[in-house]
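*Asks:* just coords:
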Ligand code: AMP
């Protein structure tokens with residue numbers, strides 16, 4: 001590790017003298033100078049560390065950024081100090097106060113009301129803040145995002161780059177498997193960077209390419225959050241350069257393996273500095289042999305931290321499983337929303353058509369519900385998530401696409417309208433509630449079609465799942481459905497409002513399983 005730190009120090013380290021102005025003091029024009037287009041975008045052709053620096057921008061800028069250059073902070077001067085965020089010391093708990101974080105970062109942490117570190121934060125931050133590589137076995141809901149973001153932001157603030165920087169040269173890169181996860185990470189990053197000048201960019205498929213490209217040309221990149229495919233496109237077009245990267249985060253590596261992204265991630269990693277010359281933070285919920293091989297290839301003398309998944313699934317979530325008929329499921333859902341103390345609720349179903357159907361019925365029953373599944377365009381998904389977060393939508397109907405990585409605090413209920421086929425997805429789904437120490441409720445509906453899936457879920461959780469019958473009031477007849485907009489435009493159809501007012505509420509039709 002010391003070798004890595006030394007590698008990152010350079011001959012002209014003195015350039016970071018105390019009198020150097022931090023980057024935000026320079027003009028926009030200087031800030032966004034464009035690299036010569038023919039400059040290769042690969043770390044492979046870099047001169048070895050320690051070689052005589054030449055005059056080319058890349059070799060010059062390679063010589064910046066040592067972890068010992070803890071001088072000028074790039075932070076905005078905020079009229080705030082740590083005394084405004086008193087958090088008492090408690091034995092066995094770690095405070096962010098004790099980590100020596102930059103004041104501007106602490107200010108944002110105070111706004112987020114993060115008083116004590118979660119276990120993954122308490123264990124990983126002291127190492128990550130020293131520049132060590134960390135491998136984290138942790139699921140969503142454990143606070144891993146804030147763990148790696150805090151390490152990145154503190155490092156970037158403590159090591160501002162006094163030299164001219166070039167458009168598209170990222171200092172930190174976070175690769176995540178899905179668009180939703182990328183957007184969520186970027187949002188968390190924005191909150192934590194609120195009092196800094198650090199620039200966050202997201203590169204994801206399904207969203208306006210040229211908009212992302214223009215922003216890259218016009219604004220420096222400090223933290224880049226991206227899905228692998230879109231990032232590679234930008235690298236190929238030489239809009240993004242990764243050879244100056246200081247910190248690489250691989251999030252949900254197991255998921256990327258499952259989704260077949262590893263060849264792309266491999267190409268990306270090849271464009272970054274050698275693993276000894278960058279810091280790598282690697283997260284995965286599961287560690288198969290394949291994941292372990294990636295750890296060996298991409299990290300340098302890492303410390304592994306393991307956070308037990310049970311603490312996500314069971315500690316803060318009250319789990320109920322109701323045995324019902326397929327036809328009763330919608331009625332149960334409707335009454336749950338109406339009768340229980342529901343602040344916000346995510347309903348999971350396995351298939352897109354089921355989700356579409358559910359959202360339509362809920363809307364026709366005057367329940368404001370959004371739809372989140374693979375068939376919804378990205379910009380619509382972002383808007384739906386936003387509406388759900390700000391409370392405009394009380395209910396979100398989602399496939400498992402939404403189950404991973406999305407963390408919205410304050411979700412009071414999760415409903416499994418259909419049980420997931422993969423037991424891990426059950427843990428991911430119910431982990432949307434009961435987050436960050438808050439309590440939550442998960443209600444799963446098991447019917448003749450899917451009750452057999454309870455056994456493997458129970459095995460994963462370490463105890464068999466108990467099923468009960470729903471109380472009578474949750475099976476009360478639903479009011480008549482209003483006609484759907486489709487029906488209004490194309491005339492009445494079978495299954496109209498009257499028949500839907502039955503006990504089943506026009507329950508979900510059965511059709512063959514298709515993954516969404
Ligand atoms: P994640 O595991 O990254 O999905 O984060 C889970 C949730 O916990 C997010 O909503 C975070 O905002 C929240 N969170 C992260 N760290 C803390 C903390 N130290 N204290 C309270 N909430 C936190």
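*Replies:* Yep, that arrived. Predicted, not measured: the structure shown is a model, and the values here were computed from it.
*Asks:* How is residue 434 classified with respect to secondary structure?
*Replies:* coil (DSSP: H, G, I helix; E, B strand; the rest coil).
*Asks:* Any idea how many residues pack against it?
*Replies:* Each residue near residue 434 was counted by other Cβ atoms under 10 Å, and the total is 24. Backbone N, C-alpha and C define where each C-beta goes, glycine included.
*Asks:* same check, this time on residue 209
*Replies:* Residue 209: 15 neighbours (other Cβ under 10 Å).
*Asks:* so who does it touch?
*Replies:* 230, 233 (Cβ atoms under 8 Å, 6 or more residues apart in numbering).
*Asks:* Show the backbone phi and psi for it.
*Replies:* Main-chain torsions, residue 209, degrees, to the nearest 10: phi -60, psi -50.
*Asks:* repeat for the one 5 residues further on
*Replies:* Geometry field for residue 214 lists phi and psi as phi -60, psi -40, criterion degrees, to the nearest 10.
*Asks:* give me the number of residues near it?
*Replies:* 12.
*Asks:* Quick check: the gap between it and the ligand.
*Replies:* Residue 214 is 30 Å from the ligand, where distance means Cβ to the nearest ligand atom, to the nearest Å.
*Asks:* Check residue 361 too.
*Replies:* Residue 361 is 30 Å from the ligand, by Cβ to the nearest ligand atom.
*Asks:* I'd guessed that residue sits against residue 482; true?
*Replies:* No. Counting by Cβ atoms under 8 Å, residue 361 stays clear of residue 482, with 9.9 Å between them.
*Asks:* More neighbours: which of the two?
*Replies:* For residue 361 versus residue 482, the count of surrounding residues by other Cβ under 10 Å is larger for residue 361: 24 against 15.
*Asks:* in what helix or strand does that one lie?
*Replies:* Assigned by DSSP states H and E, residue 361 belongs to helix 352-364.
*Asks:* Then residue 397?
*Replies:* In this assignment (DSSP H and E), residue 397 forms part of strand 395-398.
*Asks:* Sheet-wise, list the partners of that strand with their directions.
*Replies:* According to DSSP bridges, strand 395-398 has the following sheet partners: strand 345-348 (parallel), strand 369-372 (parallel).
*Asks:* tell me the mean pLDDT for that strand?
*Replies:* Summarised as a single mean, pLDDT over strand 395-398 is 93.
*Asks:* likewise stretch 164-182?
*Replies:* Per-residue pLDDT over stretch 164-182 has a mean of 94.
*Asks:* which ones are touching residue 305?
*Replies:* Each residue near residue 305 by Cβ under 8 Å, 6+ apart is listed here: 120, 123-124, 134-138.
*Asks:* Out of these, who's the most crowded?
*Replies:* residue 124 (28 neighbours).
*Asks:* quick one: contacts of the helix or strand hosting that one?
*Replies:* Take DSSP H and E as the rule and residue 124 turns out to sit in helix 119-128. By Cβ under 8 Å, 6+ apart, the surrounding residues in contact with helix 119-128 are 93-94, 99, 117, 134, 136, 138, 142-144, 146-148, 150-151, 279, 281, 303, 305, 307, 311.
*Asks:* returning to what we had before: please identify the most buried of the strands paired with strand 395-398.
*Replies:* Mean neighbours per residue, mean count of other Cβ atoms under 10 Å, is largest over the strands paired with strand 395-398 for strand 345-348, with a mean of 27.
*Asks:* Any chance of the backbone angles for the residue nearest the centre of the chain?
*Replies:* The residue lying closest to the centre of the chain (Cα atoms, centre = their mean) is residue 181, at 3.6 Å. Backbone torsions for residue 181, taken as degrees, to the nearest 10, come to phi -70, psi -40.
*Asks:* just to revisit the earlier point, from the contacts of helix 119-128, list the ones also adjacent to the ligand.
*Replies:* Of the residues in the contacts of helix 119-128, proximity to the ligand by Cβ under 6 Å from any ligand atom holds for 117, 142-144, 146.
*Asks:* Out of the residues you listed, name the ones that lie in strands.
*Replies:* Among those, DSSP state E puts none in strands.
*Asks:* Dump those residues to a markdown table, plus distance to residue 205.
*Replies:* Output for these, formatted as a markdown table (distance: Cβ to Cβ, whole Å):
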| residue | distance to residue 205 |
| --- | --- |
| 117 | 34 |
| 142 | 27 |
| 143 | 27 |
| 144 | 24 |
| 146 | 26 |
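*Asks:* Now which of those residues would you call buried?
*Replies:* 117, 142-144, 146 (16 or more other Cβ atoms under 10 Å).
*Asks:* Tell me the one of the residues you listed nearest residue 420?
*Replies:* Minimum distance to residue 420 across those is 19.9 Å, recorded for residue 142 (Cβ to Cβ).
*Asks:* After the strand holding residue 397, which helix or strand is next? Please name it.
*Replies:* That would be, after strand 395-398 and using DSSP H and E, strand 413-416.
*Asks:* Listing partners with orientation, what would you give for that following strand?
*Replies:* Sheet pairing of strand 413-416 (DSSP bridges) gives strand 345-348 (parallel), strand 440-446 (parallel).
*Asks:* quick one, which of those strands is nearest to the ligand?
*Replies:* The closest of these to the ligand is strand 440-446. By Cβ to the nearest ligand atom, the value is 11.8 Å.
*Asks:* tell me which parts of the protein are close to the ligand?
*Replies:* Proximity of the chain to the ligand is confined to 114, 117-118, 121, 140-146, 407, 409, 435-436 under the rule Cβ under 6 Å from any ligand atom.
*Asks:* So which of those is the closest to residue 185?
*Replies:* The nearest member of the residues of the chain next to the ligand to residue 185, counting by Cβ to Cβ, is residue 145 at 5.7 Å.
*Asks:* Surely the closest one and residue 187 touch.
*Replies:* No. With contacts counted by Cβ under 8 Å, residue 145 stays clear of residue 187, the gap being 9.7 Å.
*Asks:* Same drill for the two, tell me which one is more crowded.
*Replies:* Taking other Cβ under 10 Å, residue 145 and residue 187 do not tie; residue 145 has more neighbours (27 against 20).
*Asks:* give me every residue that touches the more buried one.
*Replies:* Applying Cβ under 8 Å, 6+ apart, we find residue 145 in contact with 184-185, 188, 251, 407.
*Asks:* now the strands for the chain?
*Replies:* Assigned by DSSP E, the strands in the chain fall at 134-137, 172-175, 200-203, 223-226, 247-250, 279-284, 303-306, 317-323, 345-348, 369-372, 395-398, 413-416, 440-446.
*Asks:* tally of neighbours for the nearest residue in space to residue 445 that is not next to it in sequence?
*Replies:* Of all residues not flanking residue 445 in the chain, residue 329 sits nearest, at 4.9 Å (Cβ to Cβ, 6 or more residues apart in numbering). Using other Cβ under 10 Å, residue 329 has 24 other residues around it.
*Asks:* distance of residue 329 from residue 317?
*Replies:* Residue 329 sits 21 Å away from residue 317, going by Cβ to Cβ, to the nearest Å.
*Asks:* Am I right that residue 344 is in contact with residue 391?
*Replies:* Yes. At 7.2 Å, residue 344 and residue 391 qualify as touching, with contact defined as Cβ under 8 Å.
*Asks:* which one of the two has more residues nearby?
*Replies:* Taking neighbours as other Cβ under 10 Å, residue 344 and residue 391 compare with residue 344 leading, 19 against 11.
*Asks:* Distance from stretch 355-372 to the middle of the chain?
*Replies:* 25 Å (Cα atoms, centre = their mean, to the nearest Å).
*Asks:* gap between the two ends of it?
*Replies:* Stretch 355-372 has an end-to-end distance of 8 Å (Cα to Cα, to the nearest Å).
*Asks:* Of the strands of the chain, which is nearest residue 105?
*Replies:* Residue 105 lies closest, by Cβ to Cβ, to one member of the strands of the chain: strand 223-226, at 12.8 Å.
*Asks:* partners of the closest one, with directions?
*Replies:* strand 172-175 (parallel), strand 200-203 (parallel).
*Asks:* outside of stretch 344-354, which residues touch it?
*Replies:* By Cβ under 8 Å, 6+ apart, stretch 344-354 touches 333, 336-337, 355, 358, 373-375, 388, 391, 394-400, 402-403, 408, 410-418, 420-421, 429, 432-433, 508, 511, 513-516.
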